[in-house]
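J.: Pasting the sequence and the predicted coordinates here, then a few questions.
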Amino acid sequence: MGSAQMQSVRDQGPASHDDAIVSRNPATGEVLGEVPVTSAADVKAAVARARAAQRDWAKVPVAERARRVLAFRDEILTRAEEVIELISREGGKTRLEALGMEVLVAVDLATYFCKRAEGILAPHPIPLHLLKTKKSYLHYVPRGVVGIISPWNFPFSIPLGETIMALIAGNGVVLKPSEITPLIAVKAKELYDACGLPRDLFQVVTGRGPTGAALIDGGVDQIIFTGSVTTGKKVAVACGERLIPCTLELGGKAPAIVCADADLDRTANALVWGAFANSGQVCASVERVYAHEAVYDELVQKIAERTRKLRQGNPLDDGTDVGAMTWDQQLAIAEDRVKSAVASGAKILVGGKRKATGPGMFFEPTVLTDVKQDMDVMRKEIFGPVMPIMRVRSEEEAIGLANDSHLGLTAYVFTKDREKGRKIAERVEAGTVMVNDVLFSYGAPETPWLGVKQSAVGRTHSDDGLRDLCQTRHIAVDRIAPKREMWWYPYSPRTYGFMLKAMRLLFRAKKRR
Ligand code: NDP
């Protein structure tokens, strides 16, 4: 579809304006609804209400909080199909993806943390190795109000997972969803309100970038941001100025290293799904493949065969494998990456263009060969259904190329030799490296979601991620309390001599023979 035609789809019906955002179905152009643009003053008021509700919530014991949050999970379970349908309509992903990558992920995460939160947030003893007369431990205190700023590609699993964890940890939450997919967040709030939890404890403020900025300025105690590197840097500066902690989950450029001994059927199946699920709009998407020359030709053929068989269309139609892209500007970026790669000598093996007919934002699942490491398609995030594959002479070369990136969110290694896979994985610079699999770990709430280089600051998910939603405080209690400690006043040469002797006695290295 040409841009003029795309324009006509987007022009149908009411348009977004300063006070309101109109949400559309990216597969059909159909108007789905409208949300207000929340002013800075209203954002502040929402934070204040959440704070007032949080004061009582923080006093509720963890086990009871978890029990009450389970009611929210149950509401999601009961109304799962309604949620799935809306995710599919507003985001363009297929029903199966809306279920498997969004609703199921949030439900499983809620269950995991509700069951374990009491143990995870229990005081943590620190046995002191030297000062045996003292007892030390950590305890976890809710931070207050957590501001969550989320992207459009996983409009349910990302903000809901973070919200559920923050609530269990004893916080209030104010969520600013992406302007591209606001209705799903509004639906989440509707479900939340139906399950008897304190209404003001979780609030949704819809709007654009300035509403996100207003949330950071609105008196929150922590920010959890997921989005692009560019916005993430602005968020870090704003949080730095206010000295509030922030977790930043940013872009990815996941490499897949295919070794000479890989199981090529599993590898091809994994790569095709890893590159094209959710139309490639996944921060962990397979964005570049480095295949050993011994298997390159056969792997490329298997990937091409499988890609040609993918059925692209309306995500709500049964049998659709690849739905619509969510945002026209992202589609344009993916298209540009392909065009510029082709202009520099890359070959399109499958796909390569927007869908020619009908409404909606579809970009064909695309396989590129003859790519080079210095092309934008290999260096910059694509965030669309495009898989560039490059031939390498050795695993060493593949590791070097995989690490040649400013991003480091996820990476993948394919080999039948698990021990070799593990060793390669440990040398790849990424927050998570999967051996013989792709994408899955975001759906495993006990594992941390994190990145290195410019892909992340901090982590979400995992037991430590739950603790990160609290202030960690240290308590030290004397088991016996003599009148004074040796190092208190008054100082004397005698004490000095004694301490010197004691230090040497305790720490002297054992003589080597
Ligand atoms: P953006 O950075 O454009 O936006 C993210 C969120 O920030 C949106 O809610 C946006 O609002 C808001 N925002 C924009 N400007 C500001 C500002 N100045 N202050 C505060 N908030 C602001 O990212 P996208 O929504 O386009 O998401 C795609 C990106 O997210 C990709 O790079 C992808 O890799 C990354 N991502 C990372 C994940 C991870 O876990 N590491 C997971 C998913 C995506 P609005 O949309 O209304 O402008």
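T.: Received the coordinates, thanks.

J.: Please count neighbours and contacts with C-alpha atoms only from this point.
T.: Will do.

J.: does the ligand sit close to stretch 267-285?
T.: Yes: using Cα under 6 Å from any ligand atom, stretch 267-285 reaches the ligand at 282-283.

J.: can I get the CA coordinates of that stretch in CSV?
T.: These are the backbone C-alpha positions of stretch 267-285, laid out as CSV (Å, rounded to 0.1, in the frame of the first residue of the first chain):
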residue,chain,number,x,y,z
THR,A,267,16.7,-23.4,14.2
ALA,A,268,14.7,-22.4,11.2
ASN,A,269,11.4,-22.7,13.1
ALA,A,270,12.7,-20.7,16.0
LEU,A,271,14.2,-18.0,13.9
VAL,A,272,11.1,-17.5,11.7
TRP,A,273,8.9,-17.2,14.8
GLY,A,274,11.5,-15.1,16.7
ALA,A,275,11.7,-12.6,13.8
PHE,A,276,8.1,-12.4,12.7
ALA,A,277,6.0,-12.9,15.9
ASN,A,278,4.0,-9.7,16.6
SER,A,279,5.2,-8.5,13.2
GLY,A,280,8.7,-8.3,14.5
GLN,A,281,7.7,-5.6,17.0
VAL,A,282,9.4,-7.3,19.9
CYS,A,283,12.4,-5.8,21.7
ALA,A,284,13.8,-9.3,21.8
SER,A,285,13.0,-10.1,18.1
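
J.: give me the beta-bridge partners of Thr410?
T.: Thr432 (DSSP bridges).

J.: and the gap between it and the ligand?
T.: 9 Å (Cα to the nearest ligand atom, to the nearest Å).

J.: Equivalent analysis for Cys114, please.
T.: Distance, Cys114 to the ligand, by Cα to the nearest ligand atom: 22 Å.

J.: Could I get the contacting residues of that residue?
T.: Listed by Cα atoms under 8 Å, 6 or more residues apart in numbering, the contact set of Cys114 reads 63, 66-67, 69-70, 168.

J.: of those residues, closest to Arg55?
T.: Ile168 (13.8 Å; Cα to Cα).

J.: What pLDDT is listed against that closest one?
T.: Here, the pLDDT recorded for Ile168 equals 98.

J.: Wait, it touches Glu64, no?
T.: No: using Cα atoms under 8 Å as the test, Ile168 is too far from Glu64 to be in contact (9.2 Å).

J.: More neighbours: which of the two?
T.: Neighbours were counted for Ile168 and for Glu64 using other Cα atoms under 10 Å; Ile168 has more, 30 against 14.

J.: Just to be sure, Val35 is in a strand?
T.: Yes: assessed with DSSP: H, G, I helix; E, B strand; the rest coil, Val35 lies in a strand.

J.: So what pairs up with it in the strands?
T.: For Val35, the beta-bridge partners are Ile21 (DSSP bridges).

J.: Could you measure from it over to Pro142?
T.: Separation of Val35 from Pro142 (Cα to Cα, to the nearest Å): 31 Å.

J.: Looking at those two, which has the bigger crowd around it?
T.: The residue with more neighbours, out of Val35 and Pro142, is Pro142; 25 against 18, by other Cα under 10 Å.

J.: Show me what that one is bridged to.
T.: Bridge pairing for Pro142 - DSSP bridges - gives Cys470.

J.: In contact with it, which residues are there?
T.: Shown in contact with Pro142 (Cα under 8 Å, 6+ apart): 58, 169-171, 469-471.

J.: Flag every residue of the protein that's near the ligand.
T.: 149-152, 176-180, 207-210, 212-213, 226-228, 231, 234-235, 249-252, 282-283.

J.: Can you say which of the residues you listed are buried?
T.: Among the residues of the chain next to the ligand, those buried by neighbour count (16 or more other Cα atoms under 10 Å) are 149-152, 176-180, 207-208, 212-213, 226-228, 235, 249-252, 282-283.

J.: List the ones among those that fall in helices.
T.: Those of these mapping onto helices are 212-213, 235, per DSSP state H.

J.: and these as TSV, adding pLDDT and distance to Ser136?
T.: TSV is the format used below for those (pLDDT from 0 to 100; distance: Cα to Cα, whole Å):
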residue	pLDDT	distance to Ser136
Gly212	98	39
Ala213	98	39
Val235	98	35
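
J.: where along the stretch 251-400 of the chain do the helices fall?
T.: 264-276, 296-308, 328-343, 376-379, 395-403 (DSSP state H, counting those that start in this stretch).

J.: helices or strands up against the longest one?
T.: In other words, helix 328-343. Packed against helix 328-343 by the contact rule (3 or more Cα pairs under 8 Å, 6 or more residues apart in numbering; DSSP states H and E) you find helix 376-379.

J.: tell me what the helix it packs on is packed against?
T.: Using 3+ Cα pairs under 8 Å, 6+ apart, the elements in contact with helix 376-379 are helix 328-343.

J.: The helix it packs on - what's its average pLDDT?
T.: Mean predicted lDDT for helix 328-343 stands at 97.

J.: what residues does it touch?
T.: So helix 328-343 is contacted by 325, 348, 352-354, 361-363, 371, 375-377, 382-386 (Cα under 8 Å, 6+ apart).

J.: buried set for that helix?
T.: Within helix 328-343, the residues that count as buried by 16+ other Cα under 10 Å are 328, 330-332, 334-335, 337-339, 341-342.

J.: what about stretch 314-326, start to end distance?
T.: OK, stretch 314-326 end separation, Cα to Cα: 12 Å.
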